[in-house]
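> Build me a model from this:
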Amino acid sequence: MDFDLQWLLLALPGVFLLGWLASRMDLRQMKREERSSPQAYFKGLNLLLNEQHDKAIDAFIEAVQQDPDTSDLHFALGSLFRRRGEYERAIRVHEHLLARADLRREERERAQHALAQDFLKAGLLDRAENTFKALEGTAFSSDARLALLTLHERSRNWRPAIEVARQLEAAGTGSFAQRMAHHWCEIAQEADTRGQADEAERALAEARKAAPHAARPLVLQGQRLARLGQHHAALAAWDELMTIQQQAFSLVAQDYATSAQASEQADQARAKLEALYRQTTSVDVLTAINQLQSDPTLRRQSLLKHLRGQPSLAAAQGLIRERVSSGRALDESELACLQAALASAAKPMQRYRCAACGFESQHYFWQCPGCHGWDTYPPRRLEDQ
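Residues are numbered from 1 along each chain as shown. Reported below is the predicted structural model:
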């Protein structure tokens, strides 16, 4: 018994020595790993800031291999892959993260959101939609709904888009009234294409309800009524548009004149258009006024007056058309106005454009003031190319 105790006492220092050596070796290994992993990580960040994406990816892959449990490295690597268009590799990185059982809930939601973005960029819309929907109730709910809204719009799924827009409004993300009005207008146009007039009418009513001051529902409503021959009702819709959206009225100004002629309200319509033209000076409104004006002299005078104030090719074309129809040559004042309109229209095209950065100038430069490149300007103006 004494003999065994003696050997035990002799062995104890050796055991402690071996334990101390093992701990020192583990500590050195940990320190080496801690030094190597941040070095690779910061090297990747530096390369990324210098826009050396290929080398940055290699550095992040090295960092991930040295420390496979660090989720931030995986997110950085996945984001790089997605930015470079390598969507399959980005998907694999984020799916690998989601497969980890030790991932915290916040990081799992972040990985789910990143994976949904990968699917969306890769054009896998069904998988992107399902992944975004799985983020409901998470910190990424608003971002996921906004992405779903864009996804539904791209897929022309207007009713689901409306539902998502309503959810976003209810969550206080902002106002989506104008957007929903456009969705309802798209539904109305599709219904008209299928010959479903009642559904189109209901959709336009919903569009007006969603955004009472939106221009598009009134534009479409008037056009639908005009096609059906209900010109009085079409004029009423466009009169409202003239009141609440003066700038947008120019989109239907000529349609307005046509319906006024069809309903024998040319004089009343011209008076309204002239009052609007004094406020907006739109060439489209002026064209509609002249459409309702029977006196050719008054038509030419109005075009000439417009050209003196706003040299535009559309007004110049109208003046030439009036002279051709009358068989008379242009006088000196009209020629001067036409020359000013042509000079104004040609000015943007009489420029040189840098082939490297797109910087435009009326003067030719041997060295581009924008990107400082040499001989980057083709010696031809834009109108000659």
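
> What count of nearby residues applies to E199?
15 (other CB atoms under 10 Å). Where you see a C-beta, it was placed from the backbone N, CA and C, and this is true even at glycine.

> Which strand or helix spans it?
helix 197-210 (DSSP states H and E).

> Just after that helix, pick out the following helix or strand.
helix 215-227.

> tell me the angle that following helix makes with helix 197-210.
Here helix 215-227 points in a direction 150 degrees away from that of helix 197-210 (axes from the mean of the first three to the mean of the last three CA atoms, to 10 degrees).

> Looks like Q245 contacts R216 (just checking).
No. At 9.3 Å, Q245 does not count as touching R216 under the criterion of CB atoms under 8 Å.

> Can you pick out the residue with more neighbours from these two?
Neighbours per residue, other CB under 10 Å: of Q245 and R216, the larger number sits with R216, 21 against 17.

> pLDDT below threshold where in the chain?
1-74, 327, 346, 383-385 (pLDDT under 70).

> center of it, which residue is that?
Geometric centre of the chain, nearest residue: T150, 9.4 Å, by CA atoms, centre = their mean.

> Three-state assignment for it, please.
Three-state call for T150 (DSSP: H, G, I helix; E, B strand; the rest coil): helix.

> list the helices and strands the host helix or strand of A341 packs on?
Taking DSSP H and E as the criterion, A341 maps to helix 332-346. Applying 3 or more CB pairs under 8 Å, 6 or more residues apart in numbering; DSSP states H and E, one finds that helix 332-346 contacts helix 296-309, helix 313-326.

> between those helices, which one is nearest to R100?
helix 313-326 (63.8 Å; CB to CB).

> before we move on, back to that, relative to A101, which of the helices and strands packed on helix 332-346 is closest?
Taking the helices and strands packed on helix 332-346 one by one with CB to CB, helix 313-326 is closest: 67.9 Å.

> and the angle for that closest one with helix 296-309?
Using the same axes, to 10 degrees: helix 313-326 against helix 296-309 is 150 degrees.

> right, and the helices and strands packed on helix 332-346 - which one's nearest R83?
That would be helix 313-326 among the helices and strands packed on helix 332-346, by CB to CB, at 43.0 Å.

> Now do the closest one: which elements does it pack against?
helix 283-291, helix 296-309, helix 332-346.

> The first one to helix 313-326, inter-axis angle?
It stands for helix 283-291. Using the same axes, to 10 degrees: helix 283-291 against helix 313-326 is 20 degrees.

> As CSV, could you dump the C-alpha coordinates of helix 283-291?
Output in CSV follows, covering the C-alpha atoms of helix 283-291 (Å, rounded to 0.1, in the frame of the first residue of the first chain):
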residue,chain,number,x,y,z
VAL,A,283,-48.8,72.5,-77.2
ASP,A,284,-51.2,69.5,-76.9
VAL,A,285,-53.9,71.8,-75.5
LEU,A,286,-53.2,74.3,-78.3
THR,A,287,-53.5,71.5,-80.9
ALA,A,288,-56.9,70.6,-79.4
ILE,A,289,-58.0,74.2,-79.6
ASN,A,290,-57.1,74.5,-83.2
GLN,A,291,-58.9,71.2,-83.9
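
> hang on, the earlier thing: using JSON lines, lay out the helices and strands packed on helix 332-346 together with distance to R154 and mean neighbour count.
Compiled in JSON lines, those are given as follows (distance: least, CB to CB, whole Å; neighbours: other CB atoms under 10 Å):
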{"stretch": "helix 296-309", "distance to R154": "41", "mean neighbour count": "17"}
{"stretch": "helix 313-326", "distance to R154": "34", "mean neighbour count": "16"}
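
> Strands of the stretch 51-200 of the chain, start to end?
Taking DSSP state E, counting those that start in this stretch, the stretch 51-200 of the chain contains no strands at all.

> Quick check: I162 touching H182?
No. I162 is beyond contact range of H182, at 10.0 Å (criterion: CB under 8 Å).

> how far is the helix holding A341 from where the chain is centred?
Counting by CA atoms, centre = their mean, to the nearest Å, helix 332-346 is centred 37 Å from the centre of its parent chain.
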